[in-house]
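In: Here is my input, please return the structure:
(one chain, ligands or ions: 1)
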Amino acid sequence: MDYWIDIFNVVLIFSIFTISLNLLIGYAGQVSVAHAAFGAIGGYAAAYLQANAGFSFWPGLAAGTFGAGLIGLLMSLPALRLRPEYLVLLTIAVSAIVLAIVGAVAELGGAYGITASRPADLWPIPGGPLLFPIQWTLPLIGFAAPTFFVCWRMGQSAWGRVLRGIRDDEVATRALGHNVYIFKVIVFSVTSAFAGLAGVLLFFYNQIVSPSVYGLDVSLKIFAMTIFGGLGNFVGSILGTAVVQLLQPILENVVKLEPGNAFLIQLVIYGIGLAILVRVRPQGLLPEGVSLLPARAAERVAPPSVRSAAATKAVNIGTSRPSQLQPPTGAGPILEVRGLSKQFGGIVACRDLSLDLETGKIAALVGPNGAGKTTVFNLLTGAFGADSGSIKLNGEELCGLGPDAVARKGMARTFQDVRLFARMSALENVMLAMRGIEGGSGGEKLSDLFLHPRRAARAERSERDGAMEHLRLVGLADVAGTAAGALSYGQQKLVSFARLMATDADVLLLDEPASGVDARWVDKLLELVVYARDRGKTICIVEHSLHVVEQLADTVFFMELGHITAKGTIRELTSDPRLAEVYFGTV
Ligand SMILES: Nc1ncnc2c1ncn2[C@@H]1O[C@H](COP(=O)(O)OP(=O)(O)OP(=O)(O)O)[C@@H](O)[C@H]1O
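Out: Next comes the predicted model:
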């Protein structure tokens, strides 16, 4: 019996590893194969402090957990600016360095590690020293359950929505005003701390730490358990841990294989299992959004705010050009661009470009392919750093700011290729746009999640309702719960417009809003752009359809070879034979 209890206990400890790794990989998309190494930092810290400073269980646990979190934080500061593939390499290097250090330092016991000088005692919790597996089960549940709760709470909240945004499209997440770097650093540090906690528990449970307990193979095993269980699903992590951890004991005790053979065969089964899983169920045993409780799974797909088709009919936003509200007149330019230049090697994509966007007006940027229109949007929104020049929004210099900061200052954009978060629902896509700008500091308040849950729930409800309003506005409330990737291209463009409106930015940059869109959606988009303008937004569109430009734009800038060469109405520009030739290739 003790044997199976022991295995159950190890599953509980490893669940702490896999649940936290799932938050890091499954939610934030940051792949680390050094999770066991952070466990080593925790385990060795607790063991060393017990041996040399007489630390008992709780101080050892705090030191090990905090130490691993701190080293995770320090490592993440440079690492999370790297591309994902380099992050994987870096975590392998970290794992190798940690193992080399603990294996080489004499005070840490070298290859033999450190043996505990006394068993764990949870005093002031009664029960005395923990000597047998059965005594450990309840305390370990007591550690695994809060780990699950904290990771689940972080993952399922608005905070986790930003993590999923980062995972699916970091560029789009930044463009919505979220400081993705801070989110990544926090999640890396928190998950490293949980790995440290699991490492401390392994030390106290096994009564020994040694390099082999936390080797790269163990990190890979934790990684495999997490993938096996299903990324983005914490119950899946527990399931994946149990399946992988139970394989060898079942082969030994139920199938009655020799331990040596059982070890080899479990490796074979494990390899074949992963190969089959990758082929037939790459999302893992329990994929993201799938619950063991059918009712909860359904809840996730259909958000509560989606009530009925009748309630979700598009708001009548007025279908004709005449405005319902008059745009501000004579307010002057909200955006002033002077001498903007950008070169890519030998290609001058933007050359000494100057333009003003008048408050509450619609401007258009037109020109032949490769003229540099998208580059201008990228420069204005901070996606590219300018070589020289100035961009002033409401008189405030934006040059040098990143895309998230620019969005928070009040200028947001759509993308030529839409860039919705395909796995998230249309509603979540819009909700993701709402806090980045409101929050000012780049986001959702993690402290509210745990310290003020009611406030967090209220904020979530009001965001959900606000996002539904934006979806109603574009006529897509009835597909609020549908994954954005499953919508038609025209619908996706409308969701991206709703998302843009949800940012509450003053200046909206629309990159080819009508391209590739069915005629009926184009009309809708035109109405929406006029609606936004009438609500005081300043809009600039890059668009190849001159029909769309004619319908919308008050002022048109003509761009050639990275420079604005003409300005006027579309009729004035197209009646100039030289510009017509540049644009259409013919007079
Ligand atoms: N990241 C980049 N690296 C190198 N060159 C780039 C980059 N982005 C744009 N360019 C180059 O800058 C020039 C302007 O490109 P840009 O996409 O801004 O033009 P565009 O007017 O938007 O074209 P289109 O109408 O076809 O979208 C092109 O020659 C392009 O190849």
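
In: got the buried residues for stretch 114-121?
Out: 114, 116, 120 (16 or more other C-beta atoms under 10 Å). Every residue, glycine included, has its C-beta placed from N, CA and C.

In: I misspoke; the intended subject was stretch 485-500.
Out: By neighbour count on 16+ other C-beta under 10 Å, the buried set for stretch 485-500 is 487, 490-500.

In: now these in JSON lines, with pLDDT?
Out: Converted to JSON lines, the buried residues of stretch 485-500 look like this (pLDDT from 0 to 100):
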{"residue": "L487", "pLDDT": "96"}
{"residue": "G490", "pLDDT": "92"}
{"residue": "Q491", "pLDDT": "94"}
{"residue": "Q492", "pLDDT": "95"}
{"residue": "K493", "pLDDT": "94"}
{"residue": "L494", "pLDDT": "95"}
{"residue": "V495", "pLDDT": "96"}
{"residue": "S496", "pLDDT": "96"}
{"residue": "F497", "pLDDT": "96"}
{"residue": "A498", "pLDDT": "97"}
{"residue": "R499", "pLDDT": "97"}
{"residue": "L500", "pLDDT": "97"}
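
In: Show me which of those residues is closest to M225.
Out: Distance ranking of the buried residues of stretch 485-500 against M225, using C-beta to C-beta, places L487 first at 34.2 Å.

In: Would you mind measuring from that closest one to A422?
Out: For L487, the distance to A422 under the criterion C-beta to C-beta, to the nearest Å works out to 9 Å.

In: Mean confidence (pLDDT) on stretch 161-170, please.
Out: Averaged across stretch 161-170, the pLDDT comes to 95.

In: CA atoms of it as PDB?
Out: Coordinates of the C-alpha atoms in stretch 161-170 are reproduced here as PDB (Å, rounded to 0.1, in the frame of the first residue of the first chain):
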ATOM      1  CA  ARG A 161      -6.000  36.400 -21.600                       C
ATOM      2  CA  VAL A 162      -3.000  38.700 -22.200                       C
ATOM      3  CA  LEU A 163      -0.700  35.700 -21.800                       C
ATOM      4  CA  ARG A 164      -2.800  33.800 -24.400                       C
ATOM      5  CA  GLY A 165      -2.500  36.900 -26.700                       C
ATOM      6  CA  ILE A 166       1.200  36.800 -26.300                       C
ATOM      7  CA  ARG A 167       1.300  33.100 -27.100                       C
ATOM      8  CA  ASP A 168      -0.900  33.500 -30.200                       C
ATOM      9  CA  ASP A 169       0.500  36.800 -31.600                       C
ATOM     10  CA  GLU A 170       2.900  38.900 -29.600                       C
END
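
In: what about that stretch, distance to the chain center?
Out: Taking C-alpha atoms, centre = their mean, to the nearest Å, one finds the center of stretch 161-170 at 2 Å from the center of the full chain.

In: for stretch 377-397, same thing?
Out: Offset of stretch 377-397 from its chain centre (C-alpha atoms, centre = their mean): 25 Å.

In: Quick check: phi and psi on the nearest residue to L90 once chain neighbours are set aside?
Out: Once its chain neighbours are removed from consideration, L90 has its nearest residue in A79; the separation is 5.0 Å (C-beta to C-beta, 6 or more residues apart in numbering). The phi and psi torsions at A79 (degrees, to the nearest 10) take the values phi -70, psi -30.

In: How many residues are close by the closest residue to the ligand within the stretch 101-250 of the chain?
Out: The minimum distance from the stretch 101-250 of the chain to the ligand, using C-beta to the nearest ligand atom, falls at V171 (12.0 Å). Summarising burial for V171: neighbours were counted as other C-beta atoms under 10 Å, giving 12.

In: ok, it to G155 distance?
Out: Taking C-beta to C-beta as the criterion, V171 is separated from G155 by 22 Å.

In: And E358, by the same measure?
Out: Going from E358 to G155 by C-beta to C-beta gives 44 Å.

In: Just want to know which of those two has more residues nearby.
Out: More neighbours sit around G155 than around the other of E358 and G155, counting by other C-beta under 10 Å; the figures are 23 against 19.

In: Make sure that one is indeed in a helix.
Out: Yes. Counting by DSSP: H, G, I helix; E, B strand; the rest coil, G155 is part of a helix.

In: State the distance from it to V549.
Out: Counting by C-beta to C-beta, the gap from G155 to V549 is 44 Å.

In: do the same with L432
Out: As judged by C-beta to C-beta, L432 and V549 stand 30 Å apart.

In: For the two, indicate the residue with more neighbours.
Out: For L432 against V549, the residue with the higher neighbour count under other C-beta under 10 Å is L432, and the figures read 28 against 23.

In: residues contacting that one?
Out: For L432, the contacting residues are 161-162, 165, 173, 176, 178, 421, 424, 499, by C-beta atoms under 8 Å, 6 or more residues apart in numbering.

In: For G199, state which of those is nearest.
Out: Closest approach between these and G199, by C-beta to C-beta: V162, at 28.0 Å.

In: Check which helix or strand that closest one maps to.
Out: Here V162 sits within helix 158-168, counting by DSSP states H and E.

In: can you pull out the helices in the stretch 201-350 of the chain?
Out: In the stretch 201-350 of the chain, the segments counted as helices under DSSP state H, counting those that start in this stretch are 216-229, 234-253, 259-280, 294-301.

In: right, and these - which one's nearest Q50?
Out: Of all the helices of the stretch 201-350 of the chain, the one in closest proximity to Q50, counting by C-beta to C-beta, is helix 216-229 (21.7 Å).

In: what distance separates the closest one from the centre of its chain?
Out: 22 Å.

In: residues of stretch 445-453 that come out buried?
Out: Within stretch 445-453, the residues scored as buried using 16+ other C-beta under 10 Å are 445-446, 448-449.

In: make that stretch 569-580, sorry
Out: 570, 573-574, 579.

In: for stretch 460-468, same thing?
Out: 460, 463-464, 466-468.

In: Among those residues, which one sits closest to the ligand?
Out: Minimum separation from the ligand among the buried residues of stretch 460-468 (C-beta to the nearest ligand atom) is found for A467, which lies at 29.7 Å.

In: I'd like the buried residues of stretch 460-468 laid out as JSON lines, including pLDDT.
Out: Rendered in JSON lines, the data for the buried residues of stretch 460-468 read as follows (pLDDT from 0 to 100):
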{"residue": "E460", "pLDDT": "89"}
{"residue": "E463", "pLDDT": "91"}
{"residue": "R464", "pLDDT": "93"}
{"residue": "G466", "pLDDT": "93"}
{"residue": "A467", "pLDDT": "95"}
{"residue": "M468", "pLDDT": "97"}
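
In: Please list which of these are also close to the ligand.
Out: Counting by C-beta under 6 Å from any ligand atom, the subset of the buried residues of stretch 460-468 that neighbours the ligand is empty.

In: among these, which two are most distant?
Out: Put simply, by C-beta to C-beta the two of those set farthest apart are E460 and M468, 12.6 Å from each other.
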